[in-house]
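Asker: Sequence first, predicted model second:
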Amino acid sequence: MTLAVCAVIAGVVGFYMLAGQTTLVRAGALVAGLLLAVAFAWTSQSGRSFVSFAGEAVRETKKVVWPTRREAMQITGVVFGFVLVMAVFLWGTDKLLEVIFYDLILRWR
């Protein structure tokens, strides 16, 4: 994995070192560094473990039961309703505390 990180860094450094060259040459240096990094990562034990983990994550994602459009709209409505109720509650609490502190206790108004 250290070699893979070094290959990515070399690709990025090569991209900036070739500032006088055409964009195609600079992009080629960057892509070459990234491909070399992928090759190093693919052959390492931790790289293979990561690929295995990613495959398992994709399989688990396919098992998820996604809500229908109607269910998603209902859940969104509930969330918006709750946010509205909380906003009114917090506004009312703020106004009540303002009256208590400024008018009754401090008598600033």
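Answerer: Noted; the coordinates are in hand. Residues are numbered from 1 along each chain as shown.
Asker: Now do the longest helix along the chain: distance to the chain's middle.
Answerer: Using DSSP state H to define each element, the chain has its longest helix at helix 69-98. Centroid separation for helix 69-98 versus its chain: 26 Å, with CA atoms, centre = their mean, to the nearest Å.
Asker: so F50 sits right up against V38, yeah?
Answerer: No: using CB atoms under 8 Å, F50 is not in contact with V38; the gap is 11.3 Å. All C-beta spots, glycine's among them, are computed from the backbone N, C-alpha and C.
Asker: which SS class is V64?
Answerer: coil (DSSP: H, G, I helix; E, B strand; the rest coil).
Asker: what's the burial count for it?
Answerer: 6 (other CB atoms under 10 Å).
Asker: any idea of the pLDDT on it?
Answerer: Here the pLDDT value assigned to V64 is 92.
Asker: repeat for the one 5 residues further on
Answerer: At R69 the predicted local distance difference test score is 96.
Asker: cool, L3 as well?
Answerer: Looking at L3, its pLDDT reads 87.
Asker: For G20, see how far away it is.
Answerer: Per CB to CB, to the nearest Å, L3 is found 28 Å from G20.
Asker: which of the two has more neighbours?
Answerer: Using other CB under 10 Å, the more surrounded residue of L3 and G20 is L3, with 14 against 7.
Asker: burial measure for the residue lying closest to P67 once chain neighbours are set aside, as a count.
Answerer: Using CB to CB, 6 or more residues apart in numbering and skipping the chain neighbours, the partner closest in space to P67 is I75 (6.9 Å). Per other CB under 10 Å, the neighbour tally for I75 reads 11.
Asker: what does stretch 69-83 contact?
Answerer: P67 (CB atoms under 8 Å, 6 or more residues apart in numbering).
Asker: from now on call the first residue 442
Answerer: Fine by me, first position is 442 from now on; the one you just mentioned is stretch 510-524.
Asker: Pull the contacting residues for F491.
Answerer: Counting by CB under 8 Å, 6+ apart, F491 touches A482.
Asker: Over to it: give its phi and psi.
Answerer: phi -70, psi -40 (degrees, to the nearest 10).
Asker: how close does it sit to G522?
Answerer: As judged by CB to CB, F491 and G522 stand 42 Å apart.
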